[in-house]
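**Q** return a 3D structure for these sequence lines:
(chains A and B)
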There are 2 protein chains.
Amino acid sequence: MEAGFRNTNWQELSFAIVGLGLIGGSYAKALRQLGVRQIIGIESNAAVLAQAMDEGLIDLGLSEADARLRQADVIICCIYPEAIASFMKDNVGFFKEDVLLTDVAGIKNDMIATVQAVLPQGMEFISGHPMAGRQGSGLGMSDAAIFRNANYIIVPEKGNTTAAIKWLEAFALALGCKQTVQVTPEEHDRTIAFTSNLPHVTAVALVDSASYSDKTKYFVAGSFRDGTRVADINPELWCGLFLANKDKVADEVDKYIEQLVLWRDALRAGDGETLKDLMRKGAARRKELY
Amino acid sequence: MEAGFRNTNWQELSFAIVGLGLIGGSYAKALRQLGVRQIIGIESNAAVLAQAMDEGLIDLGLSEADARLRQADVIICCIYPEAIASFMKDNVGFFKEDVLLTDVAGIKNDMIATVQAVLPQGMEFISGHPMAGRQGSGLGMSDAAIFRNANYIIVPEKGNTTAAIKWLEAFALALGCKQTVQVTPEEHDRTIAFTSNLPHVTAVALVDSASYSDKTKYFVAGSFRDGTRVADINPELWCGLFLANKDKVADEVDKYIEQLVLWRDALRAGDGETLKDLMRKGAARRKELY
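**A** From the prediction side, this is the model:
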């Protein structure tokens, strides 16, 4: 294989997926549809691993990494962000010498540089993730359709080659994504704080309001339902996500409070022009987005 | 007809609907399914009135109230809240002597008492509305299905009889609503400020944040989409709704900011236990609601 060349003939490639939860399982299903040569699943939960084998989602199941991982041309890490660097450190001896590694971590901070520092010359970690997901968790909720028409975020760091970036772009489109976009790790985490972390804060804060009462349930219509949908949250998982990005999320909460203060003051003053200006801006942006 | 008796044999009743917008049109369609004796539509927009006639939604179309309105046993006011009292004042001479009137105003404040004061003995105004609605506006968006499984809020005032309240309860269920609930006008407006006005503020404020940029669109997934859905708002209509309830909405914004400050401070302090407590409370309430 030519140096720097990254194979996009999917049916020739062996993939390993580390972690068969909702996202890992969805990759397995999408890879199956893509007709790749082999899918290796690495999953410490024996029941989940057995289920993935039974359902034909993987060709080889490993409860932990071993020498058979060297069969994989590509390794996709679908485990918690804080577990990625130690997985790499502990198992780099089992990786193929020119393996391409990627992840789906929703928060990047210094993880990318840390992982790249662990890998020897020839192995490359290119970070990214689909802007996709669905409620629930676990292999049972996985679905190849989560990639359909999603955006795929690619987060190159200093160590990345153009070949690896191009490979991930092609892979994202092959999975069914609509488009890819490249951002720096800093820009990534700041934007995620706004578009993903903050909407979870706004939803929980809405239903947590001191105004919640026994009568609330009779009065909730579409706007309250949509505004609180993600309040049905996994506190353990999200606590980790929030803390991993805590200063950027706090900045977003502050900027959000600035908007609410404009509303509060305009309401108290009966200032309809300001209210309409705020709504016109919001309506125009919402239309632009969807 | 016995004094105080209110007829629930729908097919014997003539209904007038004032205002054939999304909600008025939806009442017309639901009444048609209910097989009522007659549907009179009052609508100042000639094109809309013609459309309602063409589609067979109404039996008699009036561009403004006249003596023919006396045919109506029930009048449902589906016009802007601030227009209801003057409609009553201007047209009470055309009402049947024992007419039952109702409305769908989303904000009640002193409107109910004002209207009741206008009506002579025998005519009764019982206020309420379905907790229903959908995006868009106008007759073309109307749909009898908006009542299906909705809650119907009944807002009795001093002047109301048990017979009228019971009639409106039966009518709501006949329209397809799931249940009815009674609240005072003050409680109504305070609860609506929380469950309807506030989620519109939170949605507009989210998309209006100073963090919005050209890259936002690549990063928006489900949580941002749901959290901003109602930001695509009608600024004129909602300005009126907000101003009619402005002090109560401002109070709700303040209580909401209190929650956000808890989040912001816990994030800055890296206080995961507080974050998890906030999320556990939110998740439990969200599950309770839906």
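**Q** tell me where chain A has strands.
**A** According to DSSP state E, chain A carries its strands in the segments A:14-18, A:38-42, A:60-62, A:74-77, A:100-103, A:124-125, A:127-130, A:151-155, A:179-182.
**Q** can I get these in TSV with distance to chain B, mean pLDDT and mean neighbour count?
**A** Placement of C-beta: from N, CA and C, glycine included. Output for the strands of chain A, formatted as TSV (distance: least, Cβ to the nearest Cβ, whole Å; pLDDT from 0 to 100; neighbours: other Cβ atoms under 10 Å in any protein chain shown):
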stretch	distance to chain B	mean pLDDT	mean neighbour count
strand A:14-18	21	98	26
strand A:38-42	25	98	23
strand A:60-62	30	98	18
strand A:74-77	19	98	24
strand A:100-103	17	98	25
strand A:124-125	22	98	24
strand A:127-130	9	96	24
strand A:151-155	5	97	23
strand A:179-182	4	96	16
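**Q** show me the contacts for residue A:256.
**A** Each residue near residue A:256 by Cβ atoms under 8 Å, 6 or more residues apart in numbering or on different chains is listed here: A:198, A:201, A:202, B:205, B:206, B:209, B:260.
**Q** cutoff 10 Å now
**A** Residues near residue A:256 by Cβ atoms under 10 Å, 6 or more residues apart in numbering or on different chains: A:194, A:198-199, A:201-202, A:205, B:202, B:205-206, B:208-211, B:257, B:260, B:263-264.
**Q** just the buried residues from those residues, in ChimeraX please.
**A** Buried residues among the contacts of residue A:256 (16 or more other Cβ atoms under 10 Å in any protein chain shown), as a ChimeraX selection:
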select /A:194,198,199,201,202,205 /B:202,205,206,208,209,211,257,260,263,264
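**Q** just the ones of the contacts of residue A:256 in helices?
**A** Counting by DSSP state H, the contacts of residue A:256 place A:198-199, A:201-202, A:205, B:202, B:205-206, B:208, B:257, B:260, B:263-264 in helices.
**Q** just put the residues you listed in a markdown table and tack on pLDDT and distance to residue B:32.
**A** As requested, the ones in helices among the contacts of residue A:256 are exported to a markdown table (pLDDT from 0 to 100; distance: Cβ to Cβ, whole Å):
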| residue | pLDDT | distance to residue B:32 |
| --- | --- | --- |
| A:198 | 98 | 45 |
| A:199 | 98 | 40 |
| A:201 | 98 | 45 |
| A:202 | 98 | 40 |
| A:205 | 98 | 43 |
| B:202 | 98 | 37 |
| B:205 | 98 | 40 |
| B:206 | 98 | 39 |
| B:208 | 98 | 41 |
| B:257 | 98 | 46 |
| B:260 | 98 | 46 |
| B:263 | 98 | 49 |
| B:264 | 98 | 52 |
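**Q** let me know the closest of these to residue A:16.
**A** Nearest to residue A:16, judged by Cβ to Cβ, of the ones in helices among the contacts of residue A:256 is residue A:199 at 32.6 Å.
**Q** which residues touch that closest one?
**A** With Cβ under 10 Å, 6+ apart, residue A:199 has these contacts: A:227, A:229-230, A:252, A:256, B:202-203, B:206, B:220-228.
**Q** now do 8 Å
**A** Residues counted as contacts of residue A:199 (Cβ under 8 Å, 6+ apart) are A:230, B:206, B:223, B:224, B:226, B:227, B:228.
**Q** quick revisit: with distance to residue A:90 added, can I get the ones in helices among the contacts of residue A:256 in TSV?
**A** Below are these laid out as TSV (distance: Cβ to Cβ, whole Å):
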residue	distance to residue A:90
A:198	34
A:199	35
A:201	34
A:202	38
A:205	39
B:202	44
B:205	45
B:206	40
B:208	46
B:257	45
B:260	40
B:263	35
B:264	37
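**Q** re earlier: filter the contacts of residue A:199 down to just the ones in helices.
**A** When those are checked against helices (DSSP H), the matches are B:206, B:223, B:224, B:226, B:227, B:228.
**Q** closest one of those residues to residue A:79?
**A** Using Cβ to Cβ, residue B:223 comes nearest to residue A:79 of these, at 21.6 Å.
**Q** I'd guessed that closest one sits against residue A:201; true?
**A** No - if you go by Cβ atoms under 8 Å, residue B:223 and residue A:201 don't touch, sitting 9.9 Å apart.
**Q** got the phi and psi for the spatially most central residue of chain A?
**A** Centroid-nearest residue in chain A, with Cα atoms, centre = their mean: residue A:106, separated by 4.1 Å. Dihedral pair for residue A:106: phi -80, psi -20, per degrees, to the nearest 10.
**Q** before we move on, the earlier item: can the strands of chain A go into CSV with extra columns for distance to residue B:73?
**A** Converted to CSV, the strands of chain A look like this (distance: least, Cβ to Cβ, whole Å):
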stretch, distance to residue B:73
strand A:14-18, 67
strand A:38-42, 69
strand A:60-62, 71
strand A:74-77, 68
strand A:100-103, 68
strand A:124-125, 75
strand A:127-130, 58
strand A:151-155, 56
strand A:179-182, 59
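**Q** for residue B:25, find the nearest of those.
**A** Ranking those by proximity to residue B:25 (Cβ to Cβ) places strand A:151-155 first, at 38.0 Å.
**Q** contacts for the closest one next, please.
**A** With Cβ under 8 Å, 6+ apart as the test, strand A:151-155 has contacts from A:108, A:112, A:126-131, A:165, A:168-169, A:172-173, A:175, A:177-185, A:188, B:218-219.
**Q** kindly report the same for stretch A:47-60.
**A** Residues contacting stretch A:47-60 (Cβ under 8 Å, 6+ apart): A:17, A:20, A:25, A:28-29, A:32, A:38-41, A:43, A:61-63, A:68, A:71, A:138-140.
**Q** now do that stretch: distance to the chain's middle.
**A** Distance of stretch A:47-60 from the chain centroid (Cα atoms, centre = their mean, to the nearest Å) equals 23 Å.
**Q** ok so, going back, ok, the contacts of residue A:199 vs residue A:273, which is closest?
**A** Of all the contacts of residue A:199, residue A:273 sits closest to residue B:206, with 21.5 Å by Cβ to Cβ.
**Q** which residues sit in contact with the closest one?
**A** Taking Cβ under 8 Å, 6+ apart, we find residue B:206 in contact with A:198, A:199, A:202, A:256, A:259, B:224, B:227, B:228, B:231.
**Q** among those, which pair sits farthest apart?
**A** Between any two of those, the greatest separation by Cβ to Cβ is 14.9 Å, found for A:259 and B:224.
**Q** those two: which is more packed in?
**A** Neighbours were counted for residue A:259 and for residue B:224 using other Cβ atoms under 10 Å in any protein chain shown; residue B:224 has more, 25 against 20.
**Q** separation between that one and residue A:243?
**A** Distance, residue B:224 to residue A:243, using Cβ to Cβ, to the nearest Å: 21 Å.
**Q** ok, is stretch A:163-173 in contact with chain B or not?
**A** No - Stretch A:163-173 lies out of reach of chain B by Cβ under 8 Å from any Cβ of the partner chain, never closer than 12.0 Å.
**Q** mind listing what's buried in that stretch?
**A** In stretch A:163-173, the ones that count as buried by 16+ other Cβ under 10 Å are A:163, A:164, A:165, A:167, A:168, A:169, A:171, A:172.
**Q** isn't the fourth one right up against residue A:8?
**A** Think residue A:167. Yes - look at residue A:167 against residue A:8 with Cβ under 8 Å: they come within range, at 6.3 Å.
**Q** tell me how many other residues surround the closest residue to residue A:41 other than its chain neighbours.
**A** Once flanking residues are discounted, residue A:41 sits nearest to residue A:58: 3.6 Å by Cβ to Cβ, 6 or more residues apart in numbering or on different chains. When neighbours are defined as other Cβ under 10 Å, residue A:58 has 25 of them.
**Q** for residue A:58, what are phi and psi?
**A** phi -130, psi 160.
**Q** measure residue A:191 to chain B for me?
**A** In this view, residue A:191 and chain B are 5 Å apart by Cβ to the nearest Cβ, to the nearest Å.
**Q** right, and that residue touches residue B:214 too?
**A** No - the pair residue A:191 / residue B:214 is not scored as a contact, 10.8 Å apart, by Cβ under 8 Å.
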